[in-house]
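*Asks:* pasting the sequence and the predicted model now:
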Amino acid sequence: MKFPALGISGIDIHKLDGPVRAEMGGFAVLIALAAGSMVYLGVTYTLDGPSVLFAGAALTIALTGLVGVADDLVELSQKLKPFLIVAASVPLMICLLGRSSIFIPVIGSIHLALLYPLVAVPLAITTSANFSNLLAGFNGLEAGCAAISLGAMAFLSDATGHPAIAVLGCIAAFAYIGFLILNWYPAKVFPGDTGTLMAGAALAALGLASGLEFEAIVLSIPAAMDFALKMMHRHPFKQRHLFGNTKIRADGTLEPAGYPAVVHAFMKVSPITEKQLVVSLLAMQAVFASLAIGIGLVFT
Amino acid sequence: MNRQAFVIGLSLLPFALSSVAAFLAWEAAMAVETVWRMIFIVLVWIGAFAGGTQLFWRVVGLLTPKP
């Protein structure tokens, strides 16, 4: 049975003919992540620290994906969703109970005691998951950004002595690359909240598990900027309701809606098509990925 | 395409500003207990990041061709 036949579909509003496409494509990423993680654990499981941490991070990412599935199917309330994501971060919180400090380049290690596992971990997972849900809505954007970010985190995890977490990063990055084939312009499938929430949770989980929290923050900057622009507006998060969506002109270029957002910045400075916009945003994500890799390699 | 590349470069501004501000705040609050010092620099970082993002949007507005 295909998703559109079940009513799990959405209209591609950035095409002139507004085609209906399958939603919740992130479910395929979730299955790939779960299958890949089980194969890895089946091959290497020895109940040692790295394997348990791998399992905890993978479980947190998968549970966040399930929150996304629920959101795609029944549209969870904005108040309930963060609580469910906090609940999803419990496996990683348990695995990181023994950790108490965070490393910030130049400043050094900062001791947070129990605040690290009990506050920093759920806060990071929830914030990152919701951030990646904001900078979205264009063919290939979410999957492309996720593949770049998770690929960078996988590389850094391996370079800083966390091979198990690097494997998890590779599984997640390749799952998004596989999905990108169907999600690239013109998209056949949208990731839905399943794909976007899971991408943010995966970035935070990898950063926390491998002690690369600052590098994960650097990778989240484009989404954080989008959040800040929308938050500082006169009507935070009601802009789409008030100003409508981005429109497409007859020549295929995009017309920005009248409120601040990172995607609108690119549309404002010169006429741009959806495909060019996504390439520009992926280039921006790649710049921050290079910056994160540079910081990670120099300071750790 | 040059303008798109400029926007990408400009997007580094909020991060650069907030990082410098957080480092200066960290150095300035040397006498404070570590956890409070951490909370202080997080607040400074958020404030400087918000300011940098506003500056980013203003510069984008200057680059926007007038109709």
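*Replies:* Arrived safely, thanks for sending.

*Asks:* only C-alpha atoms for contact and neighbour calcs from this point on.
*Replies:* OK.

*Asks:* count of neighbours near the closest residue to A:Asn133 other than its chain neighbours?
*Replies:* Leaving aside its chain neighbours, A:Asn133 sits nearest to A:Thr196 (5.1 Å; criterion: Cα to Cα, 6 or more residues apart in numbering or on different chains). Residues lying near A:Thr196 (other Cα atoms under 10 Å in any protein chain shown) number 30.

*Asks:* I'd like the distance between A:Thr196 and A:Phe214.
*Replies:* 21 Å (Cα to Cα, to the nearest Å).

*Asks:* next one: B:Phe15
*Replies:* 12 Å.

*Asks:* more neighbours, these two?
*Replies:* B:Phe15 (21 against 18).

*Asks:* list the contacts of the nearest residue to that one once chain neighbours are set aside.
*Replies:* Distances taken as Cα to Cα, 6+ apart place B:Phe49 nearest to B:Phe15, at 6.4 Å, with adjacent residues excluded. Neighbouring residues of B:Phe49 by Cα atoms under 8 Å, 6 or more residues apart in numbering or on different chains: B:14-15, B:17-18.

*Asks:* and those residues, which is closest to A:Ser100?
*Replies:* B:Ser18 (24.6 Å; Cα to Cα).

*Asks:* B:Leu43 is in contact with that closest one, correct?
*Replies:* No. With contact defined as Cα atoms under 8 Å, B:Ser18 does not reach B:Leu43; the gap is 10.1 Å.

*Asks:* so which of the two has more stuff around it?
*Replies:* B:Ser18 (23 against 14).

*Asks:* residue numbers of chain B in contact with chain A?
*Replies:* B:3-5, B:7-8, B:11, B:14-15, B:23, B:26, B:34-35, B:38, B:50, B:53-54, B:57, B:60-61, B:63-65 (Cα under 8 Å from any Cα of the partner chain).

*Asks:* for PyMOL, what selects the buried ones among the residues you listed?
*Replies:* Command for PyMOL that selects the buried part of these, burial taken from 16 or more other Cα atoms under 10 Å in any protein chain shown:
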select buried, chain B and resi 4+7+8+11+14+15+23+26+38+50+53+54+57+60+63+64
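
*Asks:* okay, and which of the residues of chain B next to chain A map to helices?
*Replies:* B:3-5, B:7-8, B:14-15, B:23, B:26, B:34-35, B:38, B:50, B:53-54, B:57, B:60-61, B:63 (DSSP state H).

*Asks:* need the pLDDT of the residue of chain B found nearest chain A.
*Replies:* Of all residues in chain B, B:Thr64 sits closest to chain A, at 4.6 Å by Cα to the nearest Cα. For B:Thr64, the pLDDT comes out at 87.

*Asks:* wait, it sits on A:Pro271?
*Replies:* No. If you go by Cα under 8 Å, B:Thr64 and A:Pro271 don't touch, sitting 10.3 Å apart.

*Asks:* ok and the residue in chain A nearest chain B?
*Replies:* For chain A, Cα to the nearest Cα, closest residue to chain B: A:Val269, 4.6 Å.

*Asks:* contact partners for that residue?
*Replies:* A:Val269 neighbours (Cα under 8 Å, 6+ apart): B:3-4, B:60-61, B:63-65.

*Asks:* phi, psi of it?
*Replies:* phi -70, psi -30 (degrees, to the nearest 10).

*Asks:* need the next SSE after the strand or helix carrying A:Gly36, C-terminal direction.
*Replies:* A:Gly36 is part of helix A:26-44 when elements are defined by DSSP states H and E. Per DSSP H and E, the first helix or strand lying C-terminal to helix A:26-44 is helix A:49-74.

*Asks:* what's the angle from that following helix to helix A:26-44?
*Replies:* 160 degrees (axes from the mean of the first three to the mean of the last three Cα atoms, to 10 degrees).

*Asks:* can you list the residues of chain A near chain B?
*Replies:* A:107, A:110-112, A:218, A:221-222, A:225, A:228-229, A:260, A:265-266, A:268-270, A:280-281, A:283-284.

*Asks:* give me the subset of those lying in helices.
*Replies:* Short answer: the residues of chain A next to chain B in helices (DSSP H) are A:218, A:221-222, A:225, A:228-229, A:265-266, A:268-269, A:280-281, A:283-284.

*Asks:* just the buried residues of these.
*Replies:* The buried subset of those - by 16+ other Cα under 10 Å - is A:218, A:221-222, A:225, A:228-229, A:265-266, A:268-269, A:280-281, A:283-284.

*Asks:* between these, which is closest to A:Pro82?
*Replies:* After measuring these against A:Pro82 - Cα to Cα - the closest member comes out as A:Ala228, at 18.3 Å.
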